[in-house]
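[1] Fold the following, please.
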Amino acid sequence: MLQIRNIKLKVSYTQKDLIRACERVLRKRPLPDVRILRRSLDSRKKDHIFYLVSAGVFGLSEAEEKKIIRMVNDNNIMLTNEKKYVFPYSNMPLETDQRPIIIGTGPAGYFAGYVLANAGFRPILLERGKPVEERSADVNAFWDGGPLDPESNVSFGEGGAGTFSDGKLYTGNKDKDGIQQFVLETFHHYGAPKEITFDAKPHIGTDVLYRIMQNMRRAILDAGGEILFSHRVTEISRIHKGTEFSGYRVSGISGDPDHSFQFETPAVVLAIGHSARDTFAMLLNHDLQMEKKPFAMGLRIEHPRTLIDHARFGDLAGILPAADYKLVAHTTEDRAVFSFCMCPGGYVVNASTEDGGTVVNGMSYSGRSSRNSNSAIVVNVLPGDIPGDSPMDAVEFQRNLERSFYQAGQGNVPVQRLGDFCENRTGPLSESFQPCIKGKYQTANLRDCLPDTLSRAIIEAMPVFDREIPGFAMDDAILSGIESRTSSPVRILRDESLQATDHPGFFPCGEGAGYAGGIMSAAVDGIRVAEKVAEMLARTE
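    Residues are numbered from 1 along each chain as shown. Okay, the predicted model is just below:
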């Protein structure tokens, strides 16, 4: 195909506008097939906002393409081939005892299961939580004031934590082999809009992810995979035949303590999320090599969506989709403060997973139409900031702060005006600006719960962010906390074969294992691990 880069189009462009722009550049009409390959919104100048598009022209002969390249002589026009990812194994006739076990059905686990099932490996997926239909009912009941279900909540259940999020699908990593595009195309195939396959900052929204999870579940089952919900893994042990290592025994509890399960397998994919703390402790007791890793913690901040939209888009606010932002500041104490998981037109959600602890996260529906926009404002936390040598010390550091926030909010999400936070005082929220929170909330002084180091960093960053987005440091902006689960605080070490150190056939994967930071990177890691699993199992056949 011919690829044309750097096409500038007005924000209200149509497909005809795109075709005409390509015809002008190539000096040829009509063109047989024009498709967008990538699209980004350039809003650096509010009085001149436009889409920057890369387009592909398909259907021309190779001779025509080369002729156009010679005639036009433009560096923005090139011959290129589409990068199509293909899983390197297919139609594998495995023995029953060779079926891989995948623990977790978040993006890493589901994509690993999806490609392995389609290749004939008939994986068995174990999920401690419930299918998304039941899980959503449990989450909504909790937000309405009901009890927390420790096994079915915003973090545990089909789809993982990403199901109740903004559904962002972008990463800073290059897509050298087309796996990221494969993930996007797969999401589109199972219910996401076409735009996610070419937008520079694609997102799905929790309502669309709900449908996609159901569709991917059916696809895995139809391809020969098996998915067992309410199956919590409590033990993974080595199996030996004589003196030879032969695989793993995976056991746990299904449904209630009176029912147990057990599987034997040569390959375990550990695709747990960042909140599976009991699993971390169990693995550490089995001598898996783990380490503390950097992560970030802080608070959520809410603003009127109109403030953010006007700051970003000027007169086009309300015409363009809800605006996002990405902010970074470096403090005099050498701390990085940055926005994380920004949710335009979204909600703050109570994302707690343990009784007696409060955690918040952000979530958007596909329309991003809430009256508020929110983002986490977090501060980097380094391993050296946490006392102790055990990786579980990092988990306890998070847990203790979550308990403090639970107590401050008396079991509800504690909230505070930014102005009161900066002055270290407790006061009511502004009557003219109220939060958009899924779950009950009440005012508290968040300074009493948050470590001083983090509080000082957030306060110092506010004027910096206000210069970038005028009004960002408004006194009535609403803070809530704690945002403690930005990523896993631990990493399970693995080698170049993606197997855990000294544990052949054991594949730590995705965000919980410390190798991803969002839906896209977790899905990609799941696919890469699935390749290694397939390579190992194919070799043993």
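[2] Ramachandran angles for residue 528?
    Backbone torsions of residue 528, given as degrees, to the nearest 10, read phi -60, psi -40.
[3] Once you drop chain neighbours, what's closest to it?
    residue 498 (6.6 Å; CB to CB, 6 or more residues apart in numbering). Heads up, the C-betas are built off the backbone N, CA and C, glycines and all.
[4] Just say helix, strand or coil for the one you found.
    coil (DSSP: H, G, I helix; E, B strand; the rest coil).
[5] how many other residues sit next to the closest residue in space to residue 459 that isn't next to it in sequence?
    Nearest non-adjacent residue to residue 459, counting by CB to CB, 6+ apart: residue 422, 5.3 Å away. Using other CB atoms under 10 Å, residue 422 has 17 other residues around it.
[6] what about dumping the CA coordinates of the host helix or strand of residue 422 to CSV?
    Using DSSP states H and E, residue 422 sits in helix 418-423. The C-alpha trace of helix 418-423 is given here as CSV (Å, rounded to 0.1, in the frame of the first residue of the first chain):
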residue,chain,number,x,y,z
LEU,A,418,-8.2,21.2,47.3
GLY,A,419,-8.1,24.5,49.1
ASP,A,420,-8.8,22.8,52.5
PHE,A,421,-6.2,20.2,51.7
CYS,A,422,-3.5,22.8,51.1
GLU,A,423,-4.4,24.6,54.3
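[7] quick one: average pLDDT of that helix?
    Mean pLDDT, computed over helix 418-423, is 98.
[8] So for that helix, what gets flagged as buried?
    Buried positions in helix 418-423, judged by neighbour count with 16 or more other CB atoms under 10 Å: 418, 420-422.
[9] Distance to residue 11 for those residues - can I get that in JSON lines?
    Converted to JSON lines, these look like this (distance: CB to CB, whole Å):
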{"residue": "418", "distance to residue 11": "32"}
{"residue": "420", "distance to residue 11": "39"}
{"residue": "421", "distance to residue 11": "37"}
{"residue": "422", "distance to residue 11": "37"}
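[10] of all these, which comes closest to residue 368?
    residue 418 (22.6 Å; CB to CB).
[11] Spatially nearest residue to that closest one (excluding sequence neighbours)?
    residue 477 (4.2 Å).
[12] ok, the one you found - contacts?
    For residue 477, the contact set (CB atoms under 8 Å, 6 or more residues apart in numbering) comprises 301-303, 417-418.
[13] Below-threshold pLDDT in the stretch 1-150 of the chain: ranges please.
    Counting by pLDDT under 70, the stretch 1-150 of the chain has low-confidence residues at 93-96.
[14] which stretches of it form strands?
    2-9, 33-42, 50-58, 77-79, 101-103, 124-126 (DSSP state E, counting those that start in this stretch).
[15] same question, the stretch 251-400 of the chain
    Secondary structure of the stretch 251-400 of the chain (DSSP E, counting those that start in this stretch): strands located at 260-265, 268-270, 290-292, 295-304, 328-330, 336-343, 347-350, 360-363, 372-381.
[16] by how many degrees do the last one and strand 295-304 diverge?
    Okay, so that is strand 372-381. Strand 372-381 runs at 160 degrees relative to strand 295-304, counting by axes from the mean of the first three to the mean of the last three CA atoms, to 10 degrees.
[17] Could you shift the numbering so residue one becomes 42, and keep it that way?
    Right, with 42 as the first residue, what we last looked at is strand 413-422.
[18] CA-only coordinates of strand 413-422, as CSV, when you get a sec.
    These are the backbone C-alpha positions of strand 413-422, laid out as CSV (Å, rounded to 0.1, in the frame of the first residue of the first chain):
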residue,chain,number,x,y,z
ASN,A,413,-16.8,16.0,35.9
SER,A,414,-13.4,15.0,34.7
ASN,A,415,-11.0,13.3,37.0
SER,A,416,-7.4,12.0,37.3
ALA,A,417,-5.1,10.5,39.8
ILE,A,418,-2.4,12.9,41.0
VAL,A,419,0.3,10.5,42.2
VAL,A,420,3.8,10.7,43.5
ASN,A,421,6.6,8.2,42.8
VAL,A,422,7.4,5.7,45.6
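[19] Many thanks, we can stop here.
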